[in-house]
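Asker: Attaching a predicted model along with its sequence, questions to come.
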Amino acid sequence: ANSLHMVTVLSVILVSVFAYLMMVFERPIDNSSLTDYANCVWLIVITMTTVGYGDQFPTTLLGRMVAVFASITAVIMLAIAVNLVVSKLTLSRAETKVLEVMDTIQMRKELKAKAALVVTRWAKAYLQYQHSDMKVRPGGYLLIPETRSQRKRNLDLRAAVYSSLPLLIAIEDFSQQANVMWQNNVPSDLPEMVAHVTSVLEQHETRIGHITDLSNQVRLLLAELQTLQEAKAGASS
């Protein structure tokens with residue numbers, strides 16, 4: 001906010017200065033409307049905003065140079081203002097991370113709710129299938145003697161459960177929510193996973209290098225020991 005305030009103040013100062021210079025440089029021209037300071041301010045503002053009505057224009061060389069400098073300064077000030085606005089509207093790394101965490105928590109809650117709905121509707125479809133295997137009598141329910149194989153019963157149960165339209169809708173919603181959550185987490189989790197794998201590989205390379213150094217030292221010690229044994233055997237003979 002302070003930066004934008006400074007840009008605004010600087011723009012007002014530049015308009016005032018350029019308008020004064022325009023008035024000074026256009027004074028030698030007879031019957032010129034730019035001898036009035038208000039007209040000069042109007043010309044500078046129209047020039048710096050790239051509107052250019054053409055009702056006022058300088059005729060002297062120095063006046064035209066002032067108009068050119070005003071145009072160039074306006075482009076620079078506009079670029080600075082746009083950069084400041086973009087920097088104010090752009091989230092920082094910490095803010096982006098917090099927003100991602102909040103979105104992840106919200107998506108996990110929605111995913112749990114959809115998973116609970118899938119389980120509930122599956123249980124309802126299963127109970128309906130169990131009731132369909134019972135024969136209703138005035139005294140209550142009587143189980144029909146089971147003559148099907150276990151595989152046949154499983155196939156019938158699967159067909160009955162997946163014939164439930166509410167269950168299929170809940171499963172589809174759950175699948176879509178899981179895919180959305182996975183797609184949102186991949187861009188943020190992948191760099192962290194790559195960094196973690198790279199760190200682990202570097203640690204393993206360091207350990208391998210350390211083990212290699214130790215093995216070289218052991219070889220040198222064995223060579224020295226063998227040399228000492230040969231020297232001792234030669235001396236005893």
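Answerer: Yes, it's here. Numbering: from 1, shown residues only.
Asker: pLDDT (mean, whole number) over the helix or strand in which Glu192 is found?
Answerer: Taking DSSP states H and E as the criterion, Glu192 maps to helix 165-236. Here helix 165-236 scores 83 as its mean pLDDT.
Asker: Likewise for stretch 17-31?
Answerer: 88.
Asker: Is Arg108 in a helix, a strand, or coil?
Answerer: helix (DSSP: H, G, I helix; E, B strand; the rest coil).
Asker: And for it, the neighbour number?
Answerer: When neighbours are counted by other Cβ atoms under 10 Å, Arg108 registers 12. C-beta coordinates here come from the backbone N, C-alpha and C atoms, glycine included.
Asker: same check, this time on the one 5 residues further on
Answerer: Burial of Ala113, expressed as a neighbour count using other Cβ under 10 Å, amounts to 13.
Asker: That one belongs to a helix, doesn't it?
Answerer: Yes: applying three-state DSSP, one finds Ala113 inside a helix.
Asker: show me the contacts for Glu110.
Answerer: For Glu110, the contact set (Cβ atoms under 8 Å, 6 or more residues apart in numbering) comprises Gln177.
Asker: Quick check: pLDDT value at it.
Answerer: The model's pLDDT for Glu110 equals 87.
Asker: Could you do Met134 as well?
Answerer: We have a pLDDT of 57 for Met134.
Asker: now Asn2
Answerer: Predicted confidence (pLDDT) for Asn2: 67.
Asker: which strands and helices sit next to the helix or strand hosting Asp156?
Answerer: Asp156 belongs to helix 150-162 when assigned by DSSP H and E. Under the contact definition 3 or more Cβ pairs under 8 Å, 6 or more residues apart in numbering; DSSP states H and E, helix 150-162 sits against helix 93-132.
Asker: And the helix it packs on, what's buried?
Answerer: Across helix 93-132, burial judged by 16 or more other Cβ atoms under 10 Å covers 107, 111, 114-115, 117-118, 121-122, 125, 129.
Asker: With respect to pLDDT, which of those ranks lowest?
Answerer: Within the buried residues of helix 93-132, pLDDT is lowest for Tyr129, at 76.
Asker: That one: what's it in contact with?
Answerer: So Tyr129 contacts 156-157, 160-161 (Cβ under 8 Å, 6+ apart).
Asker: and if we set it to 10 Å?
Answerer: 156-161, 163-164 (Cβ atoms under 10 Å, 6 or more residues apart in numbering).
Asker: For Ser32, grab phi and psi.
Answerer: When quoted as degrees, to the nearest 10, the phi and psi of Ser32 stand at phi -90, psi 130.
Asker: Using ChimeraX, define a selection of the buried residues within the contacts of Tyr129.
Answerer: Buried residues among the contacts of Tyr129 (16+ other Cβ under 10 Å), as a ChimeraX selection:
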select :160,161,164
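Asker: could I get the contacts of Tyr129 as JSON lines with distance to Arg93?
Answerer: Listed next are the contacts of Tyr129 as JSON lines, based on distance: Cβ to Cβ, whole Å:
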{"residue": "Asp156", "distance to Arg93": "56"}
{"residue": "Leu157", "distance to Arg93": "52"}
{"residue": "Arg158", "distance to Arg93": "49"}
{"residue": "Ala159", "distance to Arg93": "52"}
{"residue": "Ala160", "distance to Arg93": "52"}
{"residue": "Val161", "distance to Arg93": "47"}
{"residue": "Ser163", "distance to Arg93": "50"}
{"residue": "Ser164", "distance to Arg93": "47"}
